[in-house]
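Participant: need coordinates for the following:
(one chain, ligands or ions: 2)
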Amino acid sequence: MSRVAESLLPNVAERLSRVQSDLRLGLPCLLTDGSDRAVAVAVETLSQARLDALRDLFGVPELVLTGNRARAAMAPVQSADIWDLPVRICPPKHADMDWFMRLADAGQDTAGPVAPLHRVRDREARLHGLALSVVKSAELLPAVLIFGLADGAVLPEGLSLTAIELTEALGHFAQAPALSPVAAAGLPVEAHDNGRLHVFRDPDGRTEHYAFEIGTPDPARPVLARLHSACFTGDVLGSLKCDCGPQLRAAMLRMGQEGAGLLLYLNQEGRGIGLANKMRVYDLQSRGLDTVDANHALGFEDDERDFRVAAVMLRSLGFGAVRLLTNNPAKVHTFRAQGIEVVEQLPLRVGKNIHNSGYLAVKALKSGHAL
Ligand SMILES: Nc1nc2c(ncn2[C@@H]2O[C@H](COP(=O)(O)OP(=O)(O)OP(=O)(O)O)[C@@H](O)[C@H]2O)c(=O)[nH]1
Ligand SMILES: [Zn+2]
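Facilitator: Numbering: from 1, shown residues only. Ligands and ions are numbered 1, 2, ... in the order given. Presented below is the predicted three-dimensional model:
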């Protein structure tokens, strides 16, 4: 292939973005690690017809779950004390999409765990871990079917799957996203009539994050800043289940009163699991789980956000130091690790009510938030 033509090939960020789209459509992708290769597909979006076709072509799949999800789904029938990441399960021959979904989705396994299950633990599972990371990054349930390809096996003619190689993917995930500024315009808001909204775009071509300047903050001095994660339910609907709406408004009000500030608004809804999964964990919470245990039961970590995004926007706008409005020590930690000076952490204690007091207490107890 000529160098000109090569420059039109997608790079790793672009291929990951394609794979995320394919997985959301219920299409498979190809994962490689040296000579190890596997076809992977997300359980949540897979149709029965495509499952049948994949079995015809590639044989018996393994179901891959995160340790957290497997523990929640299988603990009553598995005495194993270790829940290594990822957990690989050999499904029975009759397993259909209903069977897989009952293991993938904590909201569906009310009938009790499926048994017996055979866990596969004897081989390395690097591709399986990659598959879970990619499915999570697509904001889908962390449950994947993996069809291993034998050495030398070729894909059927005409079946072109987007491929991701393990090392390049890990290298990509390790780096802070190289956001680019796309557009900015003045926007008067209730908090201040001199506002300016900057839109940044991720190299995945899809995700956008926002920085909203209030007044004209001086980049030579620490800026009063709020790092805020999207909460459609709190920020827009006024949900009483969390404190996001009041925190957003209090932060902007304070910036308006001081005459200058910067709101960094990250589109990482539901602590990075997406709104659909957040509704799934809310449903689990209505059955008695707390906010952290509900994330685990679905297969996620407590918090799947990447706060480095905020440091990238901050620096792009010329700021290197903040007075940060937050109760969350992880935000301070990430800023410092990214070379942003946090000269002050300013707690934001607003919006407590009878519906969210348990949620706030759990965040303080389990995630170290300032009370
Ligand atoms: N997974 C999950 N996400 C939630 C839940 N309740 C709220 N969220 C999300 O949690 C995030 C809260 O964001 P922030 O207010 O910026 O962050 P924080 O970690 O609470 O820290 P500070 O508000 O800065 O103290 C938003 O993305 C919400 O959508 C929940 O029960 N489960
Ligand atoms: Zn919220």
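Participant: quick check: the gap between residue 319 and ligand 2.
Facilitator: Here residue 319 is placed at a distance of 26 Å from ligand 2 (C-beta to the ion, to the nearest Å). C-beta coordinates here come from the backbone N, C-alpha and C atoms, glycine included.
Participant: tell me how far the residue nearest the centre of the chain lies from residue 302.
Facilitator: In the chain, the C-alpha nearest the mean C-alpha coordinate belongs to residue 272, at 3.8 Å (C-alpha atoms, centre = their mean). Applying C-beta to C-beta, to the nearest Å, the value for residue 272 to residue 302 is 10 Å.
Participant: find the nearest non-adjacent residue to residue 314, please.
Facilitator: Excluding its sequence neighbours, the residue lying closest to residue 314 (C-beta to C-beta, 6 or more residues apart in numbering) is residue 340, at 6.0 Å.
Participant: can you name the residues that contact that neighbour?
Facilitator: 311, 314, 315, 319, 320, 321, 322 (C-beta atoms under 8 Å, 6 or more residues apart in numbering).
Participant: in ChimeraX, how would I select the buried members of those residues?
Facilitator: To isolate the buried ones among these in ChimeraX, judged by 16 or more other C-beta atoms under 10 Å, type:
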select :311,314,319,321,322
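Participant: which of the contacts of residue 340 fall in helices?
Facilitator: Cross-referencing those against helices under DSSP state H gives 311, 314, 315.
Participant: near ligand 2, list only the ones from those.
Facilitator: The subset of those within reach of ligand 2, by C-beta under 5 Å from the ion, is empty.
Participant: in TSV, list these along with pLDDT and distance to residue 22.
Facilitator: Below are the ones in helices among the contacts of residue 340 laid out as TSV (pLDDT from 0 to 100; distance: C-beta to C-beta, whole Å):
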residue	pLDDT	distance to residue 22
311	98	30
314	98	33
315	97	33
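Participant: so which bits of this structure are right by ligand 1?
Facilitator: Counting by C-beta under 6 Å from any ligand atom, the chain comes close to ligand 1 at 228-231, 242, 244, 247, 268-271, 273, 278, 281, 291, 295, 326-328, 331, 348, 369.
Participant: burial count for residue 293?
Facilitator: 18 (other C-beta atoms under 10 Å).
Participant: and residue 52, by the same measure?
Facilitator: For residue 52, the neighbour count with other C-beta under 10 Å is 12.
Participant: distance of it from ligand 2?
Facilitator: Distance, residue 52 to ligand 2, by C-beta to the ion: 41 Å.
Participant: repeat for residue 171
Facilitator: For residue 171 relative to ligand 2 (C-beta to the ion), the value is 33 Å.
Participant: find the residue closest to that residue in space, skipping its chain neighbours.
Facilitator: In space, residue 171 is closest to residue 12, 7.5 Å off (C-beta to C-beta, 6+ apart).
Participant: quick check: the one you found touching residue 172?
Facilitator: Yes. Counting by C-beta atoms under 8 Å, residue 12 does reach residue 172; the two are 4.9 Å apart.
Participant: can you classify the residue lying closest to residue 186 once chain neighbours are set aside as helix, strand or coil?
Facilitator: Using C-beta to C-beta, 6+ apart and skipping the chain neighbours, the partner closest in space to residue 186 is residue 196 (5.4 Å). The local conformation at residue 196, judged by DSSP: H, G, I helix; E, B strand; the rest coil, is strand.
Participant: ok, back up a step: and the residue nearest to residue 171, how many neighbours does it have?
Facilitator: Burial of residue 12 is recorded as 16 neighbouring residues (other C-beta under 10 Å).
Participant: how about residue 236?
Facilitator: 12.
Participant: tally of neighbours for residue 206?
Facilitator: Residue 206 has 11 neighbours, counted by other C-beta under 10 Å.
Participant: of the residues of the chain next to ligand 1, just the buried ones, PyMOL syntax please.
Facilitator: Those of those that count as buried under 16+ other C-beta under 10 Å are selected in PyMOL with:
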select buried, resi 228+229+230+231+242+244+247+268+269+270+271+273+278+281+291+295+326+327+328+331+348+369
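Participant: among the residues of the chain next to ligand 1, which ones are in strands?
Facilitator: 228, 229 (DSSP state E).
Participant: among the residues of the chain next to ligand 1, which ones are in helices?
Facilitator: Among the residues of the chain next to ligand 1, DSSP H puts 244, 247, 269, 270, 271, 278, 281, 291, 295, 331 in helices.
Participant: tell me the confidence at the nearest residue to the third one once chain neighbours are set aside?
Facilitator: Across the structure, with C-beta to C-beta, 6+ apart as the measure, the residue nearest residue 269 apart from its sequence neighbours is residue 230 (4.4 Å). You'll see residue 230 listed with a pLDDT of 98.
Participant: I'd like the distance between residue 230 and ligand 2.
Facilitator: 9 Å.
Participant: now the phi/psi pair for the residue nearest to residue 314, please.
Facilitator: Phi and psi for residue 340, reported as degrees, to the nearest 10, are phi -90, psi 130.
Participant: and residue 97, what is it in contact with?
Facilitator: 43, 46, 47, 48, 51.
Participant: repeat that with 7 Å
Facilitator: 46, 48, 51 (C-beta atoms under 7 Å, 6 or more residues apart in numbering).
Participant: where along this structure do the helices fall?
Facilitator: Secondary structure of the chain (DSSP H): helices at 3-6, 12-25, 48-58, 67-74, 97-104, 126-137, 166-174, 244-258, 269-272, 275-286, 291-298, 308-316, 329-337, 357-367.
Participant: out of the ones you listed, nearest to residue 183?
Facilitator: Comparison of the helices of the chain against residue 183 by C-beta to C-beta identifies helix 308-316 as nearest, at 13.3 Å.
Participant: just to revisit the earlier point, sort the ones in helices among the residues of the chain next to ligand 1 by pLDDT and name the bottom one.
Facilitator: Least confident entry in those, by pLDDT: residue 291, with 93.
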